[in-house]
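*Asks:* Have a look; sequence and predicted model below, questions after that.
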Amino acid sequence: MNKEKHPLPQLLPYLSRYRLKIILGFLMVLLTVIVGLVQPRVLGYVVDELQAGIAKEKLPFYAALITGISFIEGFFRFWMRKILIGVSRDVEFDLRNDFFSHIQMMSLSFLQSRSTGDIMSRATNDLNAVRFVLGPGIMYSMHTVCLTILATSILLRMNWKLTLLAYIPLALVSVTAKSFGRQIHDRFKKIQEQFSAISTHMQENISGIRVVKSFAREKSEIDAFKKLNREYVRRNISLIRLSGLFYPLMAAFIGMSSVVLLWFGGRQVIEGRLTLGDFVAFMGYLGLLTWPMIAIGRVINIFQRGSASMGRLLEILHTPPQIASIPGATAPTNIRGAMEIRNLTFRYPGTKAPVLENINLTIPPGTTLAIVGHTSSGKSSLVNLIPRLFDPPPGTIIVDGKDVRDWPLSELRRNIGYVPQETFLFSDTIQENIAFGNSAEMTGSELEWASRISQISGDIETFSRKMQTYIGERGITLSGGQKQRIAISRAVAIHPKILIFDDSLSNVDTYTEERILEELTKVMKDRTTVLVSHRISTIKNAHQIIVLRNGTVAEKGTHDSLMAQDGIYADLYRKQLLEEELNIT
């Protein structure tokens, strides 16, 4: 089978980091097996001596010897498990970190194409299945191989004919394992896919609980969840049914081996060709092989589940980031924030029609560009290209004389304070959300300054724990306007050279908006600012205003010059003035 169907070998680089621990763990496995193999031989000697009339005084010695062997075996077994299971936890730690780091590097288009629940399922459930391969899977495999090789060599020396007869039924184990292995893999993969669907449904319902409740859709959502859950149970039962047939078959083959041994071995004892002690020892060694034969089934189950899960993890890990820094990329030495957009035409991946077409703009450092336009005119698409949330075509967006694609990605974004249209706050305190861009170096005075800029400081003072107020998931305890203002504080707190506000005052009342703009004007004086808004009052003082229509620049100029043109901009302005007058009356 090809490598794509067997992704487990790609775990070897992770295991190689802990090669010394694995070697030590293998040594513990070997010692556990060796000590365990002594016990059947001792029992054989005891039986033979009992037949010969053993002295009563020797019984405590043999009892103590067998007890000591058991304790020594238990000691090595403890360290075997501690070391090898510990390695699986270490690799799980590394793999989880790599998975999370890789997700952080992926582009928005990739993350938007996959549900959060699916990614979470891979990072938890699938990763746990892979850990079982690295821990119990490897440990049982080592133990099975060592015990089978050593026990078989002992059995062959004792009576090779009897060994071959006893092993004939055991050979059927490998045939059964191969037959069932692929089915286990396929069924477990379907189980994990269904678990992803359940996780997605759960995550979306919890995140959108306000919508569910406001539309009284609780019952329908519960019914939909039950349907997904029922399918999950059905797929698990399908795997259980397969496993339920697999393990009894394994036990049956092992039982057949014992019957063969009892029949032919018993006859050899009766005929005097085999001592009773050797026969007991032989049965003891074959009994020791019972667990490895059963373990083969369990190991195959673990490895097939792990293979399916590792394949799902590799689907993510083997997808390269679509947006990344080019090798050797360097940032300009003196960053001023000058921007130029040259013949920009952009379409989203997988679409034919461009959302932006032939955009040309020059934005000197320290000036403000305002963007207005109707819904779906391309405003957010344009500002998302500046920090490379989506990649613009080469040579179309220039910052400080350098194509943004030639900047180190982290350096470019570190110099941009971005407030997106959809405000997102983390489940943390207000302080941690404002200081998110540079929490390690932000002082209390800087936090207060940033909160004053967005006019959120007054609201913070009304909270019982001030800056340490926990705001809940996505800032659920705050109003829309409060969330937007904290997002503005977060953007200005890092002192960027470029500020981007994508309709970030839409939930703020007019009075508060004026106060925020008054404070922002002081900050924007030394920074290049791109301001997207549907309110003319927000952007009328900008150095340059453009009106987007269907992805093209329909009008460009200052507030006064655009009013003089009496076009789209002037029409928007008059409509908004009329709306304000109607609201006042």
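*Replies:* Received the coordinates, thanks. Residues are numbered from 1 along each chain as shown.
*Asks:* hey, let's count contacts and neighbours off CA atoms from now on
*Replies:* OK.
*Asks:* Now do the strands in the stretch 201-350 of the chain.
*Replies:* Counting by DSSP state E, counting those that start in this stretch, the stretch 201-350 of the chain has strands at residues 339-346.
*Asks:* In which helix or strand does residue 545 reside?
*Replies:* Counting by DSSP states H and E, the secondary-structure element that holds residue 545 is strand 544-549.
*Asks:* and that strand, which strands flank it?
*Replies:* Strand 544-549 has these partner strands in its sheet, going by DSSP bridges: strand 368-373 (parallel), strand 552-557 (antiparallel).
*Asks:* Looking at those, which one is packed in the most?
*Replies:* Comparing those on average neighbours per residue, with mean count of other CA atoms under 10 Å, the densest one is strand 368-373 at a mean of 26.
*Asks:* After that strand, heading C-terminal, what element do we hit next?
*Replies:* Once strand 368-373 ends, the next helix or strand along the chain (criterion: DSSP H and E) is helix 379-385.
*Asks:* And for the residue lying closest to residue 308 once chain neighbours are set aside, the neighbour number?
*Replies:* On the basis of CA to CA, 6 or more residues apart in numbering, the spatially nearest residue to residue 308 that is not a chain neighbour turns out to be residue 189, at 5.3 Å. One way to gauge burial is a neighbour count; for residue 189, by other CA atoms under 10 Å, it gives 22.
*Asks:* OK, contacts around residue 189?
*Replies:* By CA atoms under 8 Å, 6 or more residues apart in numbering, the residues touching residue 189 are 305, 308-309.
*Asks:* Export the strands paired with strand 544-549 as JSON lines, with columns for distance to residue 234.
*Replies:* Converted to JSON lines, the strands paired with strand 544-549 look like this (distance: least, CA to CA, whole Å):
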{"stretch": "strand 368-373", "distance to residue 234": "52"}
{"stretch": "strand 552-557", "distance to residue 234": "53"}
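*Asks:* Let's have those in TSV, adding distance to residue 425 and mean pLDDT.
*Replies:* As requested, the strands paired with strand 544-549 are exported to TSV (distance: least, CA to CA, whole Å; pLDDT from 0 to 100):
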stretch	distance to residue 425	mean pLDDT
strand 368-373	25	89
strand 552-557	32	90
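*Asks:* of these, which approaches residue 156 most closely?
*Replies:* strand 552-557 (84.4 Å; CA to CA).
*Asks:* could you dump that closest one to CSV, C-alpha only?
*Replies:* Output in CSV follows, covering the C-alpha atoms of strand 552-557 (Å, rounded to 0.1, in the frame of the first residue of the first chain):
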residue,chain,number,x,y,z
THR,A,552,-13.8,50.1,-9.2
VAL,A,553,-13.0,53.6,-8.2
ALA,A,554,-16.0,55.6,-9.3
GLU,A,555,-15.0,58.9,-7.7
LYS,A,556,-11.9,60.3,-6.0
GLY,A,557,-11.1,63.6,-4.2
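*Asks:* how near is the residue nearest to residue 542 when sequence neighbours are not counted to residue 528?
*Replies:* Counting by CA to CA, 6+ apart, residue 542 lies nearest to residue 368, which is 5.2 Å off, once chain neighbours are set aside. Here the distance between residue 368 and residue 528 works out to 6 Å (CA to CA, to the nearest Å).
*Asks:* what does residue 205 give?
*Replies:* Counting by CA to CA - residue 205 and residue 528 are separated by 40 Å.
*Asks:* list the contacts for the residue nearest to residue 542?
*Replies:* Listed by CA under 8 Å, 6+ apart, the contact partners of residue 368 are 524, 528-531, 542-544.
*Asks:* now for the residues you listed, which pair is the farthest apart?
*Replies:* The most widely separated members of the contacts of residue 368 are 524 and 544, with 13.8 Å between them, by CA to CA.
*Asks:* ok, back up a step: pLDDT (mean, whole number) over the strand or helix carrying the residue nearest to residue 308?
*Replies:* Under DSSP H and E, the secondary-structure element containing residue 189 is helix 160-207. When the per-residue pLDDT values of helix 160-207 are averaged, the result is 75.
*Asks:* Now do it: distance to the chain's middle.
*Replies:* Distance, stretch centre to chain centre, for helix 160-207: 24 Å (CA atoms, centre = their mean, to the nearest Å).
*Asks:* what do you get for stretch 149-162?
*Replies:* Between the centre of stretch 149-162 and the centre of its host chain there is 48 Å, according to CA atoms, centre = their mean.
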